[in-house]
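Asker: model the following, please.
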Amino acid sequence: MLNLPSHLQKYVVEQNYEKYTALDHAVWRYILRQLKKFLTANAHHSYLEGLKKTGIDIEQIPRIEHISSHLEKFGWRALPVSGFIPPSSFMELQALSILPIASDMRTIDHLLYTPAPDIVHEAAGHAPIIAHPEYAEYLKQYAQVANKAIISKEDLQLYKAIRELSDIKENSNSSQLEIKAAEANLNKVSKAMSFVSEATQLSRMSWWTTEYGLIEDLGSPKIFGAGLLSSVGEAKLCLSSKVKKILLSLDCIHQPYDITEPQPQLFVAKDFKHLSQVLEQLAQTMSYRIGGVKAVEHAKKAESVNTVELENKIQISGVLKNYILDHSSQISYLQFAGPTQLCYANKEIAGHNNNYHRQGYGTPIGEILNFNIKNIKLGEHLRLNYKSGVKVTGRLVNILSLNLDSNLDSDAAILSFENATAEYNAEKLFLPEWGIYDVVIGNRVTSVFGGPADRTQFGATDDFITSKVAPPIHTSEQKNIFAFYQEVRDLRISNHITENSMSTLFNKFLELAPKEWLLFVELVELCIKCNLSHQKIEEHLSTLEQKELITEGLNLAYGKF
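Answerer: Here you go, the predicted model:
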């Protein structure tokens, strides 16, 4: 975790390669062989080359450290995580040129599609396209913009509900009652959403591009989104007439999505540069670019930790509870609730951490009439008359000058008062018994962005939960089945296959694991490879339920593409 910020380290786990069973490797192999067959003709031309460049092996689940060593050639690296991690953290990692890879492996029951992130999705989906320089640059640009997005308290609740549902659905030990309860909870939380935040807009753009994006010709597009590149079922479905194709535009941020279901429509980018163009259009509407009243209102509505930045680089990070507009509709006062941090140019100001301001923080901003910071002296009783009508009185006990940049057009300082009073139109904003009153000197809000300005120093926020996918508990019967898959795997590697050994295995599996369709498909593959009889195996396969999966597996075994 070299050079990884401490607040991101909690999401990183050990891959623990030994946790993968022989069945896991068989599922990986089946999916990757199916995907390679289909995507050779239907994915963006850089995909197959990207598989090679990132060192992804089709025969077995890759080691993430091995992928990382290949990504380093392109200026990236990879780290293992467990299931979902917060979108904000995912984006922050990508801004650092780190690809988070979910280390968990989907079950055979969710072979075609899984609602939870897994190593198929992250490694086989995201990693290969990163090898394309224009796409990799888009990911970094997107991450930088997404890091500035304001995320709401409602977003946090929705994320938690989505994660719980996807984890429960992917867990083979979950009951139908648990699944229905999680679905009901997600439905309840979704209906309670009162507005679309910037983080939601960015997540939608990510969904319709990096996850489920199509590219090039609108009438005959190619696949580049990781969600499609890692799902055999959706990869085939997405190019059919059943899925509507729409030219990518900023309208994609108005299109919600259901993470647990296949998508009814998809957006098509002209090329990777087109992605950056639409991203820039979105960035121009965001609070970190526009500043002012609209941006501050976004932060207030979000009820989460955000940063208000003034024109002189002073930043206030916390939960914005309220703000006051003067008669000219200009921001004249900012009031934060709970732990609040003061920063200058993204660095926490000494003595003004969120422990010192743990009860909240408020300050007037705007032009101060007849005021020159060079003319004030410590110990004097001072009266600040703001053009807005806000008045501050008290004894000046400290002047903290932050004006280290001569290019700034206004002073950057914090004035500290004791026995202070602040009021606006007879409304008391600060009282002497509340202690020292720290007033920032600044005229206007030029930017508002999500999260604290100095994330490392701020510490934990009301952020997404740090949750790890619980390891499955295997029964003795399941462990026996894993051993059967290992026997087939060992046989394939050894190449010592005879008619007698194959017949023995078939009879053994027929008695002890008759419904393991993938096990029998692999036996057929070995028989074809060695010119052995396999009629009885195919006859048994014809009695099993997974007709489409079996057919696809046999087609690969016969070399029918």
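
Asker: ok, residue 396 - contacts?
Answerer: Applying Cβ atoms under 8 Å, 6 or more residues apart in numbering, one finds that residue 396 lies in contact with 376-382, 415-417. Yep, even glycine has a C-beta here, placed from its N, CA and C like the rest.

Asker: in the helix or strand containing it, what's buried?
Answerer: In this structure, residue 396 is located in strand 391-401 according to DSSP states H and E. Of the residues in strand 391-401, 391-394, 396, 400 count as buried by neighbour count, 16 or more other Cβ atoms under 10 Å.

Asker: what pairs with it, parallel or antiparallel?
Answerer: strand 381-385 (antiparallel), strand 413-424 (antiparallel) (DSSP bridges).

Asker: against residue 349, how distant is the residue nearest to the spatial centre of the chain?
Answerer: Centre of the chain computed as the mean C-alpha position; nearest residue by Cα atoms, centre = their mean is residue 87, 2.6 Å away. Shown here: residue 87 relative to residue 349, a distance of 29 Å by Cβ to Cβ, to the nearest Å.

Asker: what's the answer for residue 515, then?
Answerer: Distance check for residue 515 against residue 349: by Cβ to Cβ, it reads 65 Å.

Asker: kindly report the same for residue 222.
Answerer: When Cβ to Cβ is applied, the distance between residue 222 and residue 349 equals 50 Å.

Asker: same thing with residue 105?
Answerer: With distances taken as Cβ to Cβ, residue 105 is found 47 Å from residue 349.

Asker: returning to what we had before: surely the residue nearest to the centre of the chain is in contact with residue 146?
Answerer: Yes. Contact status for residue 87 versus residue 146: in contact at 7.2 Å, counting by Cβ atoms under 8 Å.

Asker: what do those two both touch?
Answerer: Between them, residue 87 and residue 146 share the neighbouring residues 199, 202, 206, with contact defined by Cβ under 8 Å, 6+ apart.

Asker: report the residue spans of this protein with pLDDT below the cut-off.
Answerer: Screening the chain residue by residue with the criterion pLDDT under 70, one finds the ranges 1-2, 115, 170, 172, 260, 404-410, 461-470, 560-561.

Asker: domain ranges for it?
Answerer: Taking automatic domain parsing as the criterion, the chain consists of the domains 6-282, 306-458, 476-558.

Asker: between those, which one is nearest to residue 295?
Answerer: domain 306-458 (3.8 Å; Cβ to Cβ).

Asker: residues near the closest residue in space to residue 239 that isn't next to it in sequence, how many?
Answerer: Leaving out its chain neighbours, the residue that sits closest to residue 239 by Cβ to Cβ, 6 or more residues apart in numbering is residue 42, at 6.1 Å. The burial count assigned to residue 42 is 20, neighbours taken as other Cβ atoms under 10 Å.

Asker: thinking again about what came up before, which of the shared contacts of residue 87 and residue 146 sits closest to residue 153?
Answerer: residue 199 (11.1 Å).

Asker: contacting residues for that closest one?
Answerer: Contacts for residue 199 were tallied using Cβ under 8 Å, 6+ apart; they are 87-88, 146, 149-152, 155, 450.

Asker: how much space separates it from residue 456?
Answerer: Residue 199 sits 21 Å away from residue 456, going by Cβ to Cβ.

Asker: swap in residue 525?
Answerer: Here the distance between residue 525 and residue 456 works out to 52 Å (Cβ to Cβ).

Asker: and for residue 401?
Answerer: Taking Cβ to Cβ as the measure, residue 401 falls 24 Å from residue 456.

Asker: SS state for residue 208?
Answerer: The three-state label for residue 208, taken from DSSP: H, G, I helix; E, B strand; the rest coil, comes out as helix.

Asker: contacting residues for it?
Answerer: Under the criterion of Cβ under 8 Å, 6+ apart, the contact list for residue 208 reads 248, 252, 255, 257, 266-267.

Asker: repeat that for 7 Å
Answerer: Going by Cβ atoms under 7 Å, 6 or more residues apart in numbering, residue 208 touches 252, 255, 267.

Asker: surely the second one and residue 207 touch.
Answerer: When you say that, I think you mean residue 255. No. Proximity of residue 255 to residue 207 does not meet the contact threshold set by Cβ atoms under 7 Å, at 8.7 Å.

Asker: more neighbours: which of these two?
Answerer: More neighbours sit around residue 207 than around the other of residue 255 and residue 207, counting by other Cβ under 10 Å; the figures are 21 against 16.

Asker: the one helix or strand residue 478 maps to packs against which elements?
Answerer: Element membership for residue 478, per DSSP H and E: helix 476-494. Packing contacts for helix 476-494, counted by 3 or more Cβ pairs under 7 Å, 6 or more residues apart in numbering; DSSP states H and E, involve helix 22-42, helix 499-512, helix 517-529.

Asker: export the last one to CSV, keeping only CA atoms.
Answerer: This file holds the C-alpha atoms of helix 517-529, laid out as CSV (Å, rounded to 0.1, in the frame of the first residue of the first chain):
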residue,chain,number,x,y,z
TRP,A,517,-23.2,-29.6,-15.6
LEU,A,518,-19.9,-27.7,-15.9
LEU,A,519,-18.1,-30.8,-14.6
PHE,A,520,-19.5,-32.9,-17.4
VAL,A,521,-18.9,-30.2,-20.0
GLU,A,522,-15.2,-30.2,-19.1
LEU,A,523,-15.2,-34.0,-19.4
VAL,A,524,-16.6,-33.7,-23.0
GLU,A,525,-13.9,-31.1,-23.8
LEU,A,526,-11.2,-33.5,-22.6
CYS,A,527,-12.6,-36.4,-24.5
ILE,A,528,-12.8,-34.4,-27.8
LYS,A,529,-9.2,-33.2,-27.2
